[in-house]
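Colleague: Output the structure for:
(2 chains)
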2 protein chains.
Amino acid sequence: MPAMTRWLSCAFALVLGLLASTPALAEDGYDLWLRYLPLPAAQAQPALAQLGTVSIPRQNEVQRAARDELMRGLSGLLGQAPREATAADAALLVVGTPASSPLVAQLRLPLKGLGAEGYLIRRVEHEGHLLTVVAAPGDVGTLYGVFHLLRLLQTGQDVASVDVREQPRLKLRMLDHWDNLDRSVERGYAGESIWDWHKLPGWLDPRYTDYARANASLGLNGTVLNNVNASAQSLTPAYLEKAAALAGVMRPWGIRVYLSARFSAPIEIGGLKTADPLDPQVRRWWADKADEIYRLIPDFGGFVVKANSEGQPGPQDYGRSHADGANMLADALQPHGGVVMWRAFVYSHEQPDDRAKQAYSEFVPLDGKFRDNVLLQVKNGAIDFQPREPFHPLFGAMPKTPLMMEFQITKEYLGFATHLVYLGALYEETLQSDTYRPTKGHTVAQVIEGQGHALSGMAGVANIGSDRNWSGSIFDQANWYAFGRLAWNPQQSARAIAEDWVRMTFSQDPAFVQPVVRMMMDSREAVVDYMTPLGLHHLMGRGHHYGPAPWDAGSERPDWDPVYYHRADHLGIGFERGSAGSNAVAQYAPALAKQFDDLSRVPERDLLWFHHVPWDHRMASGRTLWDEMVWHYARGVDEVASMRGTWAGLSAYVDAPRYQQVASFLAIQQQEAQWWRDASIAYWQSINGLPLPAGQAAPPHPLSYYQSLKFPYAPGHH
Amino acid sequence: MPAMTRWLSCAFALVLGLLASTPALAEDGYDLWLRYLPLPAAQAQPALAQLGTVSIPRQNEVQRAARDELMRGLSGLLGQAPREATAADAALLVVGTPASSPLVAQLRLPLKGLGAEGYLIRRVEHEGHLLTVVAAPGDVGTLYGVFHLLRLLQTGQDVASVDVREQPRLKLRMLDHWDNLDRSVERGYAGESIWDWHKLPGWLDPRYTDYARANASLGLNGTVLNNVNASAQSLTPAYLEKAAALAGVMRPWGIRVYLSARFSAPIEIGGLKTADPLDPQVRRWWADKADEIYRLIPDFGGFVVKANSEGQPGPQDYGRSHADGANMLADALQPHGGVVMWRAFVYSHEQPDDRAKQAYSEFVPLDGKFRDNVLLQVKNGAIDFQPREPFHPLFGAMPKTPLMMEFQITKEYLGFATHLVYLGALYEETLQSDTYRPTKGHTVAQVIEGQGHALSGMAGVANIGSDRNWSGSIFDQANWYAFGRLAWNPQQSARAIAEDWVRMTFSQDPAFVQPVVRMMMDSREAVVDYMTPLGLHHLMGRGHHYGPAPWDAGSERPDWDPVYYHRADHLGIGFERGSAGSNAVAQYAPALAKQFDDLSRVPERDLLWFHHVPWDHRMASGRTLWDEMVWHYARGVDEVASMRGTWAGLSAYVDAPRYQQVASFLAIQQQEAQWWRDASIAYWQSINGLPLPAGQAAPPHPLSYYQSLKFPYAPGHH
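Modeller: Residues are numbered from 1 along each chain as shown, chains lettered A, B, ... in the order given. The predicted model follows:
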């Protein structure tokens, strides 16, 4: 029945075409960057010819994960399920390791040096015809290779001459969940915790699998399930059983489970009188606890610890050092291959002269004193995840200790879920900073790549929750994405990553891709401008960090107050960290210290971070500092208006639900950017008494109005 | 091109057929009972012939809501979008009011007496051909009629001879959300609050519209947005603006917004020194507040108030009565047409002899003292939403006051989200209870239908949250559904409603429908059996109400403790509420009081509710009370095992994601039913020292084990 067949395929093509050309009604962000919508015919046709018949093993759970993803991805992208070759020789696409695929073994590919997680993708000739091969020394490598191949297709790249050789530059690529056992999320703006602890282990939400898939697609290989402000309950048998159930979901996707450990757990759930790390009973308790955990989770990753910081218990409670504490836990985990990620974000209870200096002061003397299975986890800056901070002076200052980067993906200080801020730009700025240690040209990225240590890593404080779109907004997915890609390779370009994300998440149309990438790349400077320009920091509402509150003062700790950080008075503004002040600059390499100390050489973007500066200080632009500040606020607000305009012109390229959410959020962002500008200016004027530059509108309300606004139910504050 | 057309339609039919026969991959419960999947051809064909061309107005937002739903529903069910008739005469299906549709006006249908919300659906002959007509006096009636027509199709009914005349038997059909402004939900087991207060009014989640659609499909016409344990903040301008945005979403669907009002708001946000309801300043404050609300929300419904109960402020704080408090608010709302729903769930701070008696004692003397726009909202039983309670003695006891029913849809005391318990059976049991007031045969349903009062109503404490499936589990959707249908008509059969729900939610196949409906109908007795058989009540873990804790004692209030309610000792068990005890039985009509007081006539299902009974009391079965209790526990556990078996046999009829979630939850339920049985028996045996009947297994753990289990993070407890 050739006629019927012809008409049938014609009709089918029509239906499929309709499906493909209409933005899917159900797009709500759940599928993230793994949407696998049909490629344009011009791309699908050759891809089908090159990849339409596959050979991929499925003997173990990692192989099955890779295979299922490959089938899911190709079926969607090519518009039809690929055939599975009965014999490997008949395949166009061959995936495997020398152990899992005789054909891969036979091809004698240069797999050496790729390590357990590396892979290569290339076209090879075999018995007279061309094959596409995804090959790796280990199964997880093939999983990553499959995701890479799918990404090439998703981003419109020609796979005819593919030649990729990849391995991660960092060993531990971690998402840290600040998730509590009651499902609240500290600094979470995307709903509840995705972990439904109450129903675990009996109910394994399919969402857990999709979470693992998304992380594996980026090469992330670890997840810390619970908040660094940890409850000891997470180490009780009932909760370990729940964690073990999650580990079972993660394992096929190459992801290990870690837990935040509460340092005082031996007291709280162990019945001991002390948590002194040198006490033999305490050491025994942790060793037994590690044994218990590894019986349930044989590939358990290890512990993250926040100790002696913001009221958390720690070794200093017993007169011991951070090294004593970390090493005690490291010894408990060592027999099982586990690691300790000890956080450097510490500040003492006593009033310090400059909080920015504390981590450096406490940890540099401990360099070389940690066990081999300890990493020190350092935030990107010395304060706390501000819109902009100079890189943390610890990077480069502890050559005998592997330092991990801790970035925040959730936007605690950058507008929560509604503000469009692409953090790739922030991450890149930090990673590319030159530490001058040991010499000029050694970037933060190079420091965290290990510099000869066996361990290396990067942790991101997750922005993931129960919201349908995972991250609270579509564009916040890009921050998860960029973090993951940079954790694999901190040298990558934030712009290139943004472009991949836009193509995979929305559309490959250049008329869409170009303006959206531009908007993303500019968005970070916009938030710095409208919130905290020129090195200002920590001016957000106390506690919840929502909105402007530079006037906040009187906390139990002065260093929780905005006024501690901006130090504005009638003469000037900024925190003097130069040699005339706290001398925090001295924590940097001498060349940098000198530059930062010098008012004429310090980068203007960090000016008020490092110096208290007169309001009439002359800037490079020729404007006074005050006029320059006002100009930055205005530019930030304008930039958001411009982002809104850009988006408004792109509705034709996006399905209605996602378009509308982004549009609504941009409107909120514009309103709040204006609020930041108005409230900040009203407050600074109350201090400096200066007029606004010509053409700048006065804030529409008196300062008292902005000060009266209260947000007792702002999210993320627990 | 007739050939091409033929083949095309053939191919299309095939594709559509494939789509229809494969359970949709994306089924996750979001679509509730409004899935609108294609009908079997045998039903779709005639329906298309009868309904395939429609005339329906779209001049205002209610009409547009009805039209959009009709189009969405018919397009899905019939497999193709219906045509819209250019002239009403050409239509097969005509929807409208005499005002909105000249054709409806011309047909002179008997719309009189249907009221603002009633409708009729019938086939009429018009100019020689048959029309299907959905006609109503008001637009909202046509909306309800459209949903009714769609339900007829969804449940497989023949619409060829449709003849429906419907109007609601209750005026106020309400969902009460116990949702806090921080998005936590008191007694919520389905994620966070669906109201994203922080992003309102800037972001209107499409979920709000789907919420409104689902409620409208049941005839619900009111929603209380915030917890009865209310924050005064919800009455501040910022939050009223947010509520107004939600009211705008609800309005096209016939749903009014209400708020829980905190009685002390004049102090907390009004700056007054008192909230005394007789104070002129307080009265003025509330009148001004009402004016302010109605400026923002012209169709605002009114207030719900929990006063002088569980620590909430109220008129008694000032020596005033509940009537004083309710009337003060009623006077503020009256000019705008708003109502006050005053909750009868009160108990005083002083230690009472029997908490079950308090509401009756406090409110019966106030009968006739309330304003016309006040309803008294009474829980179904006198304690608190237990698996079984005798109906509340207030029903029938206050003939001069409109009494509203308050049911709990969320399963605070019935296994949270994981236990499959169909509450339709519970609701029906209460509604069909004979109050004997004024005389035999007057049921609770009749009492709440108003008995001549202008107002009547039913409120359900919502089980809705941010979970993708809305209610935390697929089967908990049935409780929302059943509540809504019974609020429209309290005389309906719970079984018939369950059958509609199963057909709409899963499948019309009798091989599926019959066993599932049976399972649902039996499920409520199962939970009574394994948790609190024979009139036992309130034995759940203190505070969170998760799991068995009959041993709990020592609360700040004795009537929060299980031991207060079961009063077990070596002689017997149960709360003596007969004339020899608290004499709560005397609150019922004399005939009932006599029956309940008589150990030989009291229904066995309520035995230990009304009496303290010796362990060796002889039951109708011939067993002793103790043996009978053990028998009930066992039957409850067995019933859950049987439900699990039933479900396991039905996987072919359900898409995999929903099948798997239900299966996992049933496994959890079975485990927890066993736990309830074992822990309860271990505890009772520690008191009565009695052996288990032959064949009954001893609990696998000692009592101390069950007592040691702690659940600090159980959901819903804030």
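
Colleague: who in the stretch 101-250 of chain A is up against chain B?
Modeller: Counting by CB under 8 Å from any CB of the partner chain, the stretch 101-250 of chain A comes close to chain B at A:180-183, A:191-192, A:197-199, A:202-204, A:206, A:233. Every C-beta, even on glycine, is put in place using the N, C-alpha and C of the backbone.

Colleague: those helices in the stretch 301-450 of chain A, which residues are they?
Modeller: Ranges of helices within the stretch 301-450 of chain A are A:322-333, A:358-363, A:424-431, A:444-448, based on DSSP state H, counting those that start in this stretch.

Colleague: Quick one: closest of these to B:P558.
Modeller: Proximity to B:P558 (CB to CB) singles out helix A:322-333 among these, at 45.5 Å.

Colleague: Give me the mean pLDDT for the closest one.
Modeller: Helix A:322-333 carries an average pLDDT of 98.

Colleague: Then stretch A:577-595?
Modeller: Mean predicted confidence for stretch A:577-595 is 98.

Colleague: Just give me the longest helix of chain A.
Modeller: helix A:656-688 (DSSP state H).

Colleague: Mind giving me the packing neighbours of it?
Modeller: The contact analysis (3 or more CB pairs under 8 Å, 6 or more residues apart in numbering or on different chains; DSSP states H and E) places helix A:656-688 against helix A:474-488, helix A:510-531, strand A:572-573, helix A:625-648, helix A:703-708.

Colleague: Go again with 10 Å.
Modeller: With contacts taken as 3 or more CB pairs under 10 Å, 6 or more residues apart in numbering or on different chains; DSSP states H and E, helix A:656-688 sits against helix A:474-488, helix A:510-531, helix A:562-566, strand A:572-573, helix A:625-648, helix A:703-708, helix B:206-218.

Colleague: Give the buried residues for that helix.
Modeller: Of the residues in helix A:656-688, A:657-659, A:661-670, A:672-685, A:687-688 count as buried by neighbour count, 16 or more other CB atoms under 10 Å in any protein chain shown.

Colleague: Need the nearest residue in space to the residue in the stretch 251-400 of chain A that chain B sits nearest to, chain neighbours excluded.
Modeller: Closest contact between the stretch 251-400 of chain A and chain B, by CB to the nearest CB, is at A:I269 (11.0 Å). What sits nearest to A:I269 in space, not counting adjacent residues and going by CB to CB, 6 or more residues apart in numbering or on different chains, is A:A232, at 4.7 Å.

Colleague: Run a quick neighbour tally on the one you found.
Modeller: 19 (other CB atoms under 10 Å in any protein chain shown).

Colleague: ok so A:P550 is a helix residue?
Modeller: No. Going by DSSP: H, G, I helix; E, B strand; the rest coil, the assignment for A:P550 is coil, not a helix.

Colleague: After the helix or strand bottoming out on mean pLDDT in chain A, which helix or strand is next? Please name it.
Modeller: Least confident helix or strand of chain A, by mean pLDDT, DSSP states H and E, is helix A:2-21 with a mean of 42. Per DSSP states H and E, the first helix or strand lying C-terminal to helix A:2-21 is helix A:41-51.

Colleague: Distance from the chain centre to the helix or strand that comes right after that following helix, please.
Modeller: Toward the C-terminal end, the helix or strand that comes next after helix A:41-51 (DSSP H and E) is strand A:53-55. Taking CA atoms, centre = their mean, to the nearest Å, one finds the center of strand A:53-55 at 35 Å from the center of the full chain.

Colleague: Now the helix or strand just after strand A:53-55: buried residues?
Modeller: Sequence-wise, the next helix or strand downstream of strand A:53-55 (DSSP H and E) is helix A:61-78. Buried residues in helix A:61-78, counted by 16+ other CB under 10 Å: A:62-63, A:65-71, A:73-74, A:76-78.

Colleague: For helix A:61-78, give the mean pLDDT please.
Modeller: 98.

Colleague: ok, whichever helix or strand comes after it: who's next to it in the sheet?
Modeller: The helix or strand immediately downstream of helix A:61-78 is strand A:83-84, counting by DSSP H and E. Using DSSP bridges, the strands paired with strand A:83-84 in its sheet are strand A:53-55 (parallel).

Colleague: May I see the helices of the stretch 301-450 of chain A organised as TSV, with distance to chain B and mean neighbour count added?
Modeller: Output for those, formatted as TSV (distance: least, CB to the nearest CB, whole Å; neighbours: other CB atoms under 10 Å in any protein chain shown):
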stretch	distance to chain B	mean neighbour count
helix A:322-333	24	24
helix A:358-363	32	20
helix A:424-431	24	24
helix A:444-448	34	24
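
Colleague: Save those helices as JSON lines, and put in distance to A:L93 too.
Modeller: Formatted as JSON lines, these follow (distance: least, CB to CB, whole Å):
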{"stretch": "helix A:322-333", "distance to A:L93": "40"}
{"stretch": "helix A:358-363", "distance to A:L93": "49"}
{"stretch": "helix A:424-431", "distance to A:L93": "31"}
{"stretch": "helix A:444-448", "distance to A:L93": "34"}
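
Colleague: For stretch A:342-359, output the C-alpha coordinates as PDB.
Modeller: Output in PDB follows, covering the C-alpha atoms of stretch A:342-359 (Å, rounded to 0.1, in the frame of the first residue of the first chain):
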ATOM      1  CA  TRP A 342      35.600  22.000  56.700                       C
ATOM      2  CA  ARG A 343      34.100  25.400  56.100                       C
ATOM      3  CA  ALA A 344      36.300  28.500  56.500                       C
ATOM      4  CA  PHE A 345      33.300  30.800  57.000                       C
ATOM      5  CA  VAL A 346      33.900  31.400  60.700                       C
ATOM      6  CA  TYR A 347      33.700  34.300  62.900                       C
ATOM      7  CA  SER A 348      34.100  34.400  66.600                       C
ATOM      8  CA  HIS A 349      31.600  35.600  69.100                       C
ATOM      9  CA  GLU A 350      33.800  38.400  70.300                       C
ATOM     10  CA  GLN A 351      33.500  41.700  68.500                       C
ATOM     11  CA  PRO A 352      36.200  41.700  65.800                       C
ATOM     12  CA  ASP A 353      37.700  44.800  64.300                       C
ATOM     13  CA  ASP A 354      36.900  43.600  60.900                       C
ATOM     14  CA  ARG A 355      34.900  40.400  60.200                       C
ATOM     15  CA  ALA A 356      36.500  40.200  56.700                       C
ATOM     16  CA  LYS A 357      39.800  39.300  58.300                       C
ATOM     17  CA  GLN A 358      38.800  36.500  60.500                       C
ATOM     18  CA  ALA A 359      38.900  33.400  58.300                       C
END
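
Colleague: domain ranges for chain A?
Modeller: Following the TED database, one gets these domains for chain A: A:41-166, A:172-506, A:529-575+A:612-708.

Colleague: Compute the first-to-last residue distance for the last one.
Modeller: The first and final residues of domain A:529-575+A:612-708 sit 24 Å from each other (CA to CA, to the nearest Å).

Colleague: hang on, the earlier thing: deepest-packed of the domains of chain A, please.
Modeller: Neighbour counts (mean count of other CB atoms under 10 Å in any protein chain shown) averaged over each of the domains of chain A peak at domain A:172-506, with a mean of 22.

Colleague: Was I right to think A:Q595 contacts A:V602?
Modeller: Yes. Assessed by CB atoms under 10 Å, A:Q595 is found in contact with A:V602 at 6.5 Å.

Colleague: Give the other helices and strands that the helix or strand containing A:R503 contacts.
Modeller: Take DSSP H and E as the rule and A:R503 turns out to sit in helix A:494-505. Identification of packing neighbours for helix A:494-505 by 3+ CB pairs under 10 Å, 6+ apart yields helix A:139-154, helix A:424-431, helix A:474-488, helix A:510-531.

Colleague: any idea how far the shortest one is from the chain center?
Modeller: If I follow you right, that is helix A:424-431. Its chain's C-alpha centre and that of helix A:424-431 lie 11 Å apart, by CA atoms, centre = their mean.

Colleague: how big is the angle separating that helix from helix A:510-531?
Modeller: Interaxial angle of helix A:424-431 relative to helix A:510-531 (axes from the mean of the first three to the mean of the last three CA atoms, to 10 degrees): 60 degrees.

Colleague: Where does pLDDT dip in chain A?
Modeller: A:1-26, A:88, A:348-351, A:718 (pLDDT under 70).
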